[in-house]
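Q: Got a predicted structure here, sequence first:
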Amino acid sequence: MISIIIPVYNQADKLIKTLKSIAGQKYTDYEVIIVNDGSTDNVEKIFADYYQGLKTASTFTFFNQDNLGAPAARNRGYRAARGEFIFFCDADAVLKPAALEKMINHLYYSLGASYVYSSFYWGRKLFKSGEFSAQRLYKEPYIHTMALIRRSDFPATGWDESIKKFQDWDLWLTMLEQGKVGHFIPEVLFSITPGGTISSWLPSFAYQLLPFLPVVKKYRTAVKIIKDKHGLS
């Protein structure tokens, strides 16, 4: 079974689209765990109204917590998860109908991999992830949070709740340090609605040519935090 863990903070309108895309999956052996991270947009009621009209045998669990951040919400969901596989799904994502099926099939046959990941769209922008490379991972964050992970290979420490940016990069580096690697699925399996965690995306040239921009300064500071933690500076 796949445990789908969704942290949500003031994204009630997007969450329903995410849940509908999960309900439309070809692969149906899953549970959904939603962790409301202190939202103020009535997300619990909106979810309850949606759930009442949902006809599915899948298990849904809804938790409320104070606003502690996405890593803490993911850890809360993980502690309640029962699946052999873990899928941390963003609340602003829409999965293609065969996404879970393709991920679990690839992971079953990629015996040396601890997780599988794909490319994705952010709005109309295509983010091509590419084949797994430890050397590339040391240099840059290129694997999205939304990868299917073997529960047995997920770090005992969970998500680092002190990390505010590049939480996924930190996770994959932590797993790499433990000898855990990923496998790339050369397809686009989901899309992200702009306005979430990477809403401040800029073209790559901006980070080289426009160092004075506040978003670029924050980006460089966040990169340094990750590199210092993992001894990459």
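A: Arrived safely.
Q: Residues in a beta bridge with Ile6, which ones?
A: Ile34 (DSSP bridges).
Q: OK, contacts around it?
A: By Cβ atoms under 8 Å, 6 or more residues apart in numbering, the contact list for Ile6 reads Leu15, Thr18, Val32, Ile33, Ile34, Val35, Gly77, Phe88, Cys89, Asp90, Ala91. From N, CA and C alone the C-beta is placed, and that goes for glycine too.
Q: again, only this time at 6 Å
A: By Cβ atoms under 6 Å, 6 or more residues apart in numbering, the contact set of Ile6 is Ile34, Cys89, Ala91.
Q: you'd agree the second one is up against Ile4?
A: Yes: the pair Cys89 and Ile4 passes the contact test of Cβ atoms under 6 Å, sitting 5.3 Å apart.
Q: longest helix in the protein, by residue count?
A: helix 214-229 (DSSP state H).
Q: Of all the residues in that one, which ones are buried?
A: Buried residues in helix 214-229, defined by neighbour count with 16 or more other Cβ atoms under 10 Å: Val216, Tyr219, Ala222, Val223, Ile225, Ile226, Lys227.
Q: Distance of Ile192 relative to Arg124?
A: In this view, Ile192 and Arg124 are 11 Å apart by Cβ to Cβ, to the nearest Å.
Q: Have a look at those two and say which one is more surrounded.
A: Just comparing Ile192 and Arg124: by other Cβ atoms under 10 Å the higher neighbour count belongs to Ile192, 22 against 7.
Q: Can you give me the pLDDT of the closest residue to that one other than its chain neighbours?
A: Closest residue in space to Ile192, ignoring its immediate chain neighbours: Trp122 at 4.7 Å, by Cβ to Cβ, 6 or more residues apart in numbering. pLDDT recorded at Trp122 is 92.
Q: my read: Trp122 touches Thr193, true?
A: No: Trp122 is beyond contact range of Thr193, at 8.5 Å (criterion: Cβ under 6 Å).
Q: First residue to last residue on stretch 48-66, what's the distance there?
A: Chord length of stretch 48-66, first to last residue, is 19 Å (Cα to Cα, to the nearest Å).
Q: Make 768 the first number, not 1, from now on.
A: Sounds good: first residue 768 from here, last item stretch 815-833.
Q: check contacts around Thr785.
A: Ala858, Ala860.
Q: hmm, back to that, what mean pLDDT would you report for the longest helix of the chain?
A: pLDDT averaged over helix 981-996 gives 80.
Q: so where's this protein shaky on pLDDT?
A: 822-824, 962-983 (pLDDT under 70).
Q: what domains does the record give for it?
A: Structurally, the chain divides into domains by automatic domain parsing as follows: 769-962, 969-1000.
Q: hey, which of those domains is tucked in deepest?
A: Mean neighbours per residue, mean count of other Cβ atoms under 10 Å, is largest over the domains of the chain for domain 769-962, with a mean of 18.
Q: just to revisit the earlier point, against Phe830, how distant is the residue nearest to Ile959?
A: 27 Å.
Q: spatially speaking, which residue is in the middle of the protein?
A: Geometric centre of the chain, nearest residue: Thr912, 2.8 Å, by Cα atoms, centre = their mean.
Q: quick one, strands of the chain?
A: Using DSSP state E, the strands found in the chain span residues 769-775, 797-804, 826-832, 852-855, 860-862, 882-889, 892-894, 915-917, 949-959.
Q: Same list (the ones you listed) but as a markdown table, adding distance to Ala840.
A: Listed next are the strands of the chain as a markdown table, based on distance: least, Cβ to Cβ, whole Å:
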| stretch | distance to Ala840 |
| --- | --- |
| strand 769-775 | 3 |
| strand 797-804 | 4 |
| strand 826-832 | 7 |
| strand 852-855 | 10 |
| strand 860-862 | 15 |
| strand 882-889 | 19 |
| strand 892-894 | 23 |
| strand 915-917 | 16 |
| strand 949-959 | 17 |
